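> Next comes the sequence, and after it the predicted model I'd like to discuss.
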Amino acid sequence: MLKMTTQTLGTKVFCGLALLCLLGYHAQAQARAIPVKLIKTAHGWQLLRGGKPFFIQGAGGDESMRILKACGGNSLRTWGAGGLASKLAQANKLGLTITVGMWLGHPSDGFNYNNPAQVHAQYEQCRKYVLEYRNDPALLLWGVGNEMENSYDHKVLWQAVEQIAAMIHRLDPNHPVMTVVAEIGGHKVQKINKYCPDVDIIGINSYGGGPTLYKRYLKAGGTKPYVITEFGPPGTWEIPADSLGLPPEMLSTAKARFYHKTYVKSVLAARGVCLGSYAFAWGWKVEATPTWYGLFLPNGRRLGAVDVLQKLWSGRSPRHLCPNLNGLKLLGSNRLAPNEKVRAIAQANQPGGGAITYHWILRRDVSKMGWTGGRSMPLPWAFPKAIVAAHGPKVTVRMPANGGPYRLFCYVYNRHNGAAVGNIPLWVTAPIRPEPAPIAHLPLIIYSGSHPNSAYVPAGWMGNYAAISYNPHCKVHPHTGRHCLKISYNRSHGWGGIAWQNPANNWGKLSGGFNLTGAKVLTFWARAAKPGVHINFGYGMVGSDMPYHDSSKASMRAALTTHWKEYHLHLRGRNLKRVVTGFFWTGAADGAPFTFYLDDIKYHK
């Protein structure tokens, strides 16, 4: 019989972990970066990847990489580097590349570029990302920041960008550096030219101005090459409001033509200055509406812009194109009394012939509520009983009794997973009452290693949030599965925290939250990297002085150990009809940084 002491067991475990770490380090060291070079020829600027010309035919978003590859795409763009390993692994498998974004703080969100501590912490976080991913074969470019200059186009910001870009070049000579701005108004181009010599490429997010971007960039004095890092239909801020004060959304068929126009005029016509583009959004998101920016519907059906991109990227159209939605007309007033009926009619066809079906739905309009998010964001409230009669392209709607804005959506489907969509804004002339929070299905997972995304978004960063690092794909001793959530506060003083909100950035002014009635307990597992870490955990942070507040609150203070332990917040007798803040943590540094881990956060009966 083998007798093993605790000390012997600990030694064997340590040695085993050390061996695993050594193997992991060895595997990373063996990964071979494919060198990407930016060169200037007689024909202008060009990327070389592995010594061969490379023109970016990409998209940004969470829809299938396999579909991107099948359409002729060759690259994906991210906005941050958290949870990047799985994306890089899939990209390598499919032969795709990734422009890795590194999120920089936005002054509009409280980041202070005049605070050396915040700027240094941000610099160090970017440095860690570079060291972690610089040898990955799928890496194409580094994208430093995204639209952080909005309302703060100051020298000190560009100096911080330059410091990060110079650091990247020192640590990684194999990949060019890009910084990303929201359009090119003001003096952004000139300031990047002046203050950021180590930035190789300017990434530009352009929507309504997409077709004229090339000419405007040259006029602005652009000397570096550019990549269009986001493009699509005109944004809500670029379209005049209708008579209801709401932004009218283009029909998806018209959007497809706009994608084509931007690509032809400011990508293809600009070769030698433009290195390619990333269409937005490869997937769907709720921003103004559930369909404004998405290239796909939530049910996975593709829209006409995907067909356009496939033809531009590969030279061939899909065998079966998406339906065309050419018109959507309201037969009556767009201002209606409660319970009043109104009719509408759509004009659509299937290119080349074929059957199409129509699907009508009335939803609450959220274009003025600040809702924005991806798959984790719930769709705006639907009113299926409002559809009184629907006969193909014709519909009769009875408006709800609650006042305020709505949108009547028309979806047109073919038999080949293609779709078209449009909507008509409507208004009920009656007092506006908050809609009840939608009822959540239990158990509701806030986070687990196998389900890192939730309807509650970890968007409410608090305190010295520049000192917080957040990794939802940590592989260090997860409680269950392959991953856990690692959170670090990287300063020896101050405090930080994160609130999981619905929708993102909802501090009570946005309609949101879920009805969690029926949940009896909120449970989570936690441990610390070192003993002596004390963290406050809870749910509910929004007070009753806000229009959309948490219906109840609870919190606890936990002294974490280095071993996983399950914690409970009992919910019996609590009002859970609207929980806006599904989970939060706060912690203060006591003379030293701290790190802790979370897993399996969920509400259940």
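Received it, and whenever you're ready, just let me know what you need. Numbers count the residues shown, from 1 in each chain.

> Tell me where the model's unsure across the chain.
For the chain, the stretches with pLDDT under 70 are 1-30, 82-83, 109-110, 369-378, 452-453.

> the helices in it, which residues?
Ranges of helices within the chain are 6-30, 65-70, 84-94, 116-133, 155-171, 188-195, 213-219, 252-263, 304-314, based on DSSP state H.

> now those as CSV including distance to residue 382?
C-beta here means a position set from N, CA and C on the backbone, and glycine is covered the same way. Below are those laid out as CSV (distance: least, C-beta to C-beta, whole Å):
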stretch, distance to residue 382
helix 6-30, 47
helix 65-70, 27
helix 84-94, 32
helix 116-133, 40
helix 155-171, 42
helix 188-195, 41
helix 213-219, 37
helix 252-263, 19
helix 304-314, 24
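
> Dump these into TSV; add distance to residue 548 and mean neighbour count as well.
As requested, those are arranged in TSV below (distance: least, C-beta to C-beta, whole Å; neighbours: other C-beta atoms under 10 Å):
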stretch	distance to residue 548	mean neighbour count
helix 6-30	45	10
helix 65-70	36	17
helix 84-94	33	17
helix 116-133	30	18
helix 155-171	33	18
helix 188-195	35	18
helix 213-219	38	17
helix 252-263	31	21
helix 304-314	33	21
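
> Compute the first-to-last residue distance for stretch 574-592.
37 Å (C-alpha to C-alpha, to the nearest Å).

> just how off-centre is that stretch within its chain?
22 Å (C-alpha atoms, centre = their mean, to the nearest Å).

> which of the residues in it are buried?
By neighbour count on 16 or more other C-beta atoms under 10 Å, the buried set for stretch 574-592 is 574, 576-587, 589.

> Taking those together, which two end up most distant?
Distance extremes for these: the farthest pair is 577 and 589 at 36.4 Å, using C-beta to C-beta.

> related to what we said a few turns ago, nearest to residue 278, of the buried residues of stretch 574-592?
residue 582 (31.4 Å).

> domain parsing for the protein?
The chain breaks down into these domains under automatic domain parsing: 52-239+259-278, 324-428, 444-604.

> Okay, residue 124 and residue 169: tell me how far apart.
Per C-beta to C-beta, to the nearest Å, residue 124 is found 17 Å from residue 169.

> What of residue 205?
From residue 205 across to residue 169, the span is 24 Å (C-beta to C-beta).

> List the residues that contact the nearest residue to residue 410 once chain neighbours are set aside.
Nearest non-adjacent residue to residue 410, counting by C-beta to C-beta, 6 or more residues apart in numbering: residue 346, 4.8 Å away. Residues counted as contacts of residue 346 (C-beta atoms under 8 Å, 6 or more residues apart in numbering) are 325, 327-329, 358, 393-394, 410, 412, 422.

> cool, residue 272 as well?
Contact analysis of residue 272 by C-beta under 8 Å, 6+ apart lists 43-46.

> one more time with 7 Å, if that's ok
43-45 (C-beta atoms under 7 Å, 6 or more residues apart in numbering).

> Over to residue 411?
Per C-beta under 7 Å, 6+ apart, neighbours of residue 411: 359, 419, 421.

> Settle this for me: residue 32 is touching residue 137, isn't it.
Yes. The pair residue 32 / residue 137 is scored as a contact, 6.2 Å apart, by C-beta atoms under 7 Å.

> Neighbour count: these two, which is higher?
In terms of neighbours (other C-beta atoms under 10 Å), residue 137 is the more surrounded of residue 32 and residue 137; the figures are 15 against 10.

> any idea how far the more buried one is from residue 33?
Using C-beta to C-beta, residue 137 is found at 6 Å from residue 33.

> do the same with residue 340
Residue 340 is 63 Å from residue 33, where distance means C-beta to C-beta.

> ok, now which ones touch the closest residue to residue 222 other than its chain neighbours?
Computed as C-beta to C-beta, 6+ apart, the closest residue to residue 222 that is not its neighbour in sequence is residue 189, at 5.1 Å. Taking C-beta under 7 Å, 6+ apart, we find residue 189 in contact with 202, 217, 220-222.

> Restricted to strands, list these.
residue 202 (DSSP state E).

> Return a selection command, for use in PyMOL, containing the buried ones of the contacts of residue 189.
To isolate the buried subset of those in PyMOL, counting by 16+ other C-beta under 10 Å, use the following:
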select buried, resi 202+217+222
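
> returning to that earlier point: between the helices of the chain, which one is nearest to residue 384?
Judged by C-beta to C-beta, the one of the helices of the chain that comes nearest to residue 384 is helix 252-263, at 21.8 Å.

> same for the closest one, what does it pack against?
Judged by 3 or more C-beta pairs under 7 Å, 6 or more residues apart in numbering; DSSP states H and E, helix 252-263 is in contact with helix 304-314, strand 324-331, strand 419-428.

> Start and end of stretch 539-556, how far apart?
This stretch, stretch 539-556, spans 10 Å end to end (C-alpha to C-alpha).

> coming back round to it: higher neighbour count, residue 340 and residue 33?
Set residue 340 next to residue 33 and count neighbours by other C-beta under 10 Å: residue 33 wins out with 17 against 14.

> Test my guess that that one contacts residue 138.
No. Taking C-beta under 7 Å as the definition, residue 33 is not a contact partner of residue 138, at 9.6 Å.

> can you list the residues that contact stretch 218-228?
Stretch 218-228 is touched from outside by 45, 56, 178, 184, 189-190, 193, 200-204, 206, 213, 217, 266-267, 273-278, with contacts defined as C-beta under 7 Å, 6+ apart.

> Now do that stretch: distance to the chain's middle.
Chain-centre distance of stretch 218-228: 26 Å, with C-alpha atoms, centre = their mean.

> same question, stretch 320-330
Per C-alpha atoms, centre = their mean, the displacement of stretch 320-330 from the mean C-alpha position of its chain is 28 Å.

> For it, which residues meet the burial criterion?
320-325, 328.

> ok, how many other residues are close to residue 435?
Neighbour count of residue 435, defined by other C-beta under 10 Å: 16.

> no wait, residue 513
Per other C-beta under 10 Å, the neighbour tally for residue 513 reads 31.

> List the contacts of it.
Contacts for residue 513 (C-beta under 7 Å, 6+ apart) come out as 437, 502, 548, 578-580.

> among those, which two are most distant?
The widest separation within the contacts of residue 513 (C-beta to C-beta) is 11.0 Å, between 548 and 579.

> Between the two ends of stretch 508-519, how far is it?
By C-alpha to C-alpha, the extent of stretch 508-519 from end to end equals 22 Å.
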